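Visitor: predicted model and sequence below, questions to follow.
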Amino acid sequence: MTADGRRGLFRPRRRGVVAALGVLLGAAVALNLGMGTVVIPPSEVLGALSDRLGLSLGSPPSSLADSVVWDIRMPRVLLGALGGAAFGVAGAVLQGVFRNRLADPHLLGIGPGASLGGVIGALAGGVEGAIAGGAAGGILTALVVRRLGAARGAVASNFVLMGVALGVVLSAWVGFVVFLSDVARVPPIEFWLLGNLAGSTWSSLGTTLAVAGLGTLGLMAAARTLDLLALGEADARRLGVDVDMATLVLLLVVGAITGAAVGGMGVVVFVGLVVPHVVRRLAGPAHRTVLAGSAVGGAAFVLFADLAARTIAAPTEVPVGLVTAAIGGPFFLWLLRRPEVTR
Amino acid sequence: MIEARGVSYRVGDAVLVDGVDLVVAPGELVAVVGPNGAGKSTLLRLLGGDLRPTAGSILLGGEDTSDLAEIELAERRALLDQGSPTDIPFTAAEVVALGRHAHRRDPDNSAERDAAVVADALARTDVTHLARRVYATLSGGERTRVSLSRILAQDTPVVLLDEPTTALDVAHEVRVMAELAALTVSGRTVVAVLHDLNAAASTADRVVVMSQARIVADGPPGEVLTAGLLQEVYRHPMVVIDHPLGDGVLILPGR
């Protein structure tokens, strides 16, 4: 058989999907930098960015434009993109590990667990503490979720219900801690439950970047393992996967990136549910594209949601998680009603 | 080469496999037959390292399976069982390609070699025309053939199969049995749990009969598959006659 004939055995890879999502992400970044209470024309945005990079592109920015683009909007865009990528990839990995299309870091309680860790961390050590505490809370909750998932025979939706119940309990504890604490020392309850990117600064970005950024990148290496797990645990093991170790490592990383992102921006729901499904429908189930697409698409989704959150009721900002919930909730219902077989 | 030495497997009070000794040499095709619940599938999963014996040991090419990691087992044996999930989102060719996972550790392997082995494996179980179909949309028999193709793509010295032909139509059963016989020609060790006694009689080098967790007979098909023994283990009258087309025997349930 010729090489061409062999290639015909496989469906064409749709790498274009990730590229298209990349273009979408670029548009989201550009719009987020330019739009808001102060509208800055694209050439001035370009000018402000290129100034910082030592280039001279676009038109010279006013000092206001420079400050708004670089000091206020850029860290917010980076944090939103990073958190969106982390949530998107976390969802894709959880769906693969548990072979459950309804899995999502926040629905399974990992986000609320990260919130609890984050609020305690904030009391102990401010923004840095919130991110570190969030990562710790995310990791611990991921380990609890692993035990829930180990209860074999649990129907897909029951497993998610257990996670939701866990999340409700943890969110209640977040509430207790917030309401019993000094308001000046912890972010308000709506930050933890609905997310908010308004507090992003360059100085708070580093820790999130280190944990969520590196963890998300690292998960790209899990594509092959997740593909094998799609065959079922037994066959994955027979083909050479140490299933228990792989599950443990993946859940620890998912807990860490979810938690670090939650510590920086709060819980932004449904990103991890919506984005991987859209990518799978567009690009097929191979995890190489699902993971890359979920990272890029998750970033774009959160940035567009944040753009809406900043502009629909300007000058008042609504929490970004309200926007993603308004889109993701109906999507979740649609998924629940859909027949099992995926194309 | 695969060897079971005094292997037992207990769950609570139930003894599923009781003191089994079995050696299967390279180039040999051994069929394991016996009534439901005799312990055939459990023995196969013990041989493949899915289960750890509660007594005795399994040697795979001279190495104790308990000492081998998943990836090392995957290089040495392929195991087809009856219970794969049906909702796999990949195409048939993608599923078969995943069978090559352990070969990534082999420095002599390449993407070209993977592609060639996958194409060959698909053709050998007659699923080339299904290559781009999504696994979840295939019929039961088609899924079995794709899974078998994945086992062939894994390309291991030992091949273990639990009822590989039960879901297949007559023509595909004959074809798959011929493929299993062909594996032994290239020096592989093949153990298959079969319900079709005639397939066992016509293809296997040796037949192992299991009943109530033990091996009750082990030998060439002509010697082992007698009406008397089969009647005893299946508790049903059996007829064994000379095959009308020549060599071997033909086995029929009596009335």
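Guide: On my side now, so go ahead.

Visitor: what residues does the stretch 51-200 of chain B have near chain A?
Guide: B:69-71, B:73-75, B:78-79, B:81, B:83-85, B:87-91, B:93-95, B:97-99, B:101-102, B:112, B:115-116, B:118-119, B:122, B:128, B:131-132, B:134, B:136-137, B:154 (C-beta under 8 Å from any C-beta of the partner chain). C-beta: built from backbone N, CA, C; applies to glycine.

Visitor: select only the buried ones of these in ChimeraX?
Guide: Of those, the buried ones go into a single ChimeraX selection, burial set by 16 or more other C-beta atoms under 10 Å in any protein chain shown:
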select /B:70,73,74,75,78,79,81,84,88,89,90,91,93,94,95,97,98,99,101,102,115,118,119,122,128,131,134,136,154
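
Visitor: so which of the residues of the stretch 51-200 of chain B next to chain A sit within strands?
Guide: B:78-79 (DSSP state E).

Visitor: what sits closest to the residue in the stretch 201-343 of chain A that chain B sits nearest to if chain neighbours are left out?
Guide: Per C-beta to the nearest C-beta, A:Gly240 is where the stretch 201-343 of chain A lies closest to chain B, at 3.4 Å. Leaving aside its sequence neighbours, A:Gly240 sits nearest to B:Ala74 (C-beta to C-beta, 6 or more residues apart in numbering or on different chains; 3.4 Å).

Visitor: any idea how far that neighbour lies from B:Ser66?
Guide: For B:Ala74, the distance to B:Ser66 (C-beta to C-beta, to the nearest Å) stands at 16 Å.

Visitor: any idea how far B:Asp50 is from the closest residue to chain B within the stretch 51-200 of chain A?
Guide: Residue nearest to chain B within the stretch 51-200 of chain A (C-beta to the nearest C-beta): A:Arg99, separated by 7.5 Å. Counting by C-beta to C-beta, the separation of A:Arg99 from B:Asp50 is 19 Å.

Visitor: for the one residue in the stretch 101-250 of chain B that gets nearest to chain A, give me its contacts.
Guide: Per C-beta to the nearest C-beta, B:Ala131 is where the stretch 101-250 of chain B lies closest to chain A, at 4.0 Å. Each residue near B:Ala131 by C-beta atoms under 8 Å, 6 or more residues apart in numbering or on different chains is listed here: A:8-10, B:91-93, B:122.

Visitor: 6 Å - rerun?
Guide: Contacts of B:Ala131 were listed using C-beta atoms under 6 Å, 6 or more residues apart in numbering or on different chains, and they are A:9, B:92-93, B:122.

Visitor: can I get those in CSV with distance to B:Leu16 and pLDDT?
Guide: As requested, the contacts of B:Ala131 are exported to CSV (distance: C-beta to C-beta, whole Å; pLDDT from 0 to 100):
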residue, distance to B:Leu16, pLDDT
A:Leu9, 40, 85
B:Ala92, 33, 95
B:Ala93, 36, 95
B:Leu122, 35, 96
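
Visitor: out of the residues you listed, flag the one nearest to A:Val45.
Guide: Using C-beta to C-beta, B:Ala93 is the member of the contacts of B:Ala131 that lies nearest A:Val45, at 46.7 Å.

Visitor: rewinding a little: give me the number of residues near the residue of the stretch 201-343 of chain A closest to chain B?
Guide: 21 (other C-beta atoms under 10 Å in any protein chain shown).

Visitor: that one is in contact with B:Ala102, isn't it?
Guide: Yes. Using C-beta atoms under 6 Å, A:Gly240 makes contact with B:Ala102 at a distance of 4.4 Å.

Visitor: which neighbours do the two share?
Guide: With C-beta under 6 Å, 6+ apart as the test, A:Gly240 and B:Ala102 both reach B:71, B:74.

Visitor: now do stretch A:261-273: distance to the chain's middle.
Guide: Taking the mean of its C-alpha atoms, stretch A:261-273 sits 6 Å from the chain's own mean (C-alpha atoms, centre = their mean, to the nearest Å).

Visitor: before we move on, what about stretch A:79-90?
Guide: 3 Å.

Visitor: send me that stretch as CSV with only the CA atoms.
Guide: Output in CSV follows, covering the C-alpha atoms of stretch A:79-90 (Å, rounded to 0.1, in the frame of the first residue of the first chain):
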residue,chain,number,x,y,z
LEU,A,79,-4.7,37.2,33.8
GLY,A,80,-8.0,36.6,32.0
ALA,A,81,-6.3,34.8,29.2
LEU,A,82,-4.2,32.7,31.5
GLY,A,83,-7.1,31.8,33.8
GLY,A,84,-9.3,31.0,30.8
ALA,A,85,-6.6,28.8,29.3
ALA,A,86,-6.2,27.0,32.7
PHE,A,87,-10.0,26.5,33.1
GLY,A,88,-10.4,25.3,29.5
VAL,A,89,-7.6,22.8,29.7
ALA,A,90,-8.6,21.7,33.2
